[in-house]
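J.: Structure of the sequence below:
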Amino acid sequence: MRLAILDLVSVSSGQDVADALEASMQAAELADRLGYERLWFAEHHNTVAVAASSTALLIGQAAARTRRITVGSGGIMLPNHAPLNVAEDFGTLARMFPGRIELGLGRAPGTDQLTASALARSSAEPREFMRNIGHLHEWFASGSVGGISVGVAAGTKVPMWMLGSSTAGATMAGMLGLPYSFASHFAPDMLHVAIETYREHFDPTAPTAQIDEPYVQIGVNVLAHETPGEAERLFTSTQRMFLALRRSGGRLPLQPPAPLEEANQLELDMLDHALSVRAVGTPDVVAARLKEIQVSTGADELITVTYAHDPGDRLRSLELVAGAVLGA
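T.: Have a look, this model is predicted:
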């Protein structure tokens, strides 16, 4: 089983943002030693719950503090950026860390509409979005598109991924011939149909194609602890974060674990559904659940998402999962 890590750089209550960033880098160093396949940082804005807004900077710092693991974006929300700047940033990263940088791309803004308007630099319209990916492909190959040269990117051939949570993204990923990552860790509804759609539309002859066969990665909420029942207790911090996101747009940092006594039944049902793709429990339970998810979806790779109010609990979970699944 191939395991990856998605990091949003969560900020816990009472924790300084600088400390949250350092905890993220310590997790990167540990993941590198444990044998995880890749580490991605997800772009989010206008929230105190996470500090993953400057994705390329995080990638560069994590790559500098690790030796083996592939580091990338999960993803860069392309409508928030000028594609030329993305080519420059990731071309530079690829020069500094050859063979270890990759670029996951999404269409969602990763924030609310007001903030998205302030960030907007390119179109999320499917045809224009795909055209911009084509430009990125050319910049990473020849370094030139339409008379604009990006020498730092030329020849780097930065691997690109398509991210999504719907059949629209799956269709585009297939048509572009790119590997596809589905955000089932928070949007599980279309998981199986999106994977099927991607495979049906996969075109290895597309000008942007980087792989010969479909490759699917899916997101899974993961938290492991040796003590029975403790992982479930710690996971309430994740549930409370999602509840705060629905109630107030994410205006609270990650809260300590506690029973969800403030939630009504409708909210509890929402949480159970949104976070249904999860593996939480003792290491053997987590390993069995991850295998079950992989078999039921046919995914080539699982990307794990782990929140914990105490960064030490997250580090321990990464160790336990690697031991149970990767034999680390």
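J.: Spell out the secondary structure type for the residue lying closest to F182 once chain neighbours are set aside.
T.: Nearest-residue entry for F182: I218, 4.9 Å, with adjacent residues in sequence omitted and distances by CB to CB, 6 or more residues apart in numbering. For the C-beta atoms, the positions are set from N, CA and C on the backbone; glycine is no exception. Here I218 is recorded as strand under DSSP: H, G, I helix; E, B strand; the rest coil.
J.: ok, now the one 3 residues further on?
T.: Recorded secondary structure, N221: strand (three-state DSSP).
J.: distance of T238 from A27?
T.: 16 Å (CB to CB, to the nearest Å).
J.: just checking, next helix/strand downstream of the host helix or strand of A4?
T.: Here A4, judged by DSSP states H and E, is contained in strand 3-7. Where DSSP H and E defines the elements, the next helix or strand beyond strand 3-7 is helix 17-34.
J.: now what about whatever helix or strand comes next after that following helix, what contacts it?
T.: Using DSSP H and E, the helix or strand that follows helix 17-34 in sequence is strand 38-41. Here strand 38-41 makes contact (CB atoms under 8 Å, 6 or more residues apart in numbering) with 4-9, 28, 31-32, 52, 55, 58-59, 62, 66, 69-75, 102, 104, 303.
J.: Next up, the contacts around T205.
T.: T205 neighbours (CB under 8 Å, 6+ apart): G177.
J.: Is it part of a helix or strand, or is it coil?
T.: T205 ends up coil, using three-state DSSP.
J.: pLDDT below threshold where in the stretch 1-150 of the chain?
T.: 110 (pLDDT under 70).
J.: where do the helices sit along it?
T.: 17-34, 55-64, 83-96, 113-119, 126-141 (DSSP state H, counting those that start in this stretch).
J.: Show me what the second one packs onto, helices and strands only.
T.: Yep, that's helix 55-64 we're talking about. helix 17-34, strand 38-41, strand 70-77, helix 83-96 (3 or more CB pairs under 8 Å, 6 or more residues apart in numbering; DSSP states H and E).
J.: swap the cut-off to 10 Å and go again
T.: On a contact count with 3 or more CB pairs under 10 Å, 6 or more residues apart in numbering; DSSP states H and E, helix 55-64 meets helix 17-34, strand 38-41, strand 70-77, helix 83-96, strand 101-106.
J.: Paired strands for the shortest one, with orientation please.
T.: Applying DSSP bridges, strand 38-41 is found paired with strand 3-7 (parallel), strand 70-77 (parallel).
J.: Distance from that strand to the middle of the chain?
T.: Computed by CA atoms, centre = their mean, to the nearest Å, the chain-centroid distance of strand 38-41 equals 7 Å.
J.: which stretch among the strands paired with strand 38-41 comes nearest S317?
T.: Ranking the strands paired with strand 38-41 by proximity to S317 (CB to CB) places strand 3-7 first, at 10.7 Å.
J.: Next, the angle from the closest one to helix 55-64.
T.: Here the directions of strand 3-7 and helix 55-64 differ by 130 degrees (axes from the mean of the first three to the mean of the last three CA atoms, to 10 degrees).
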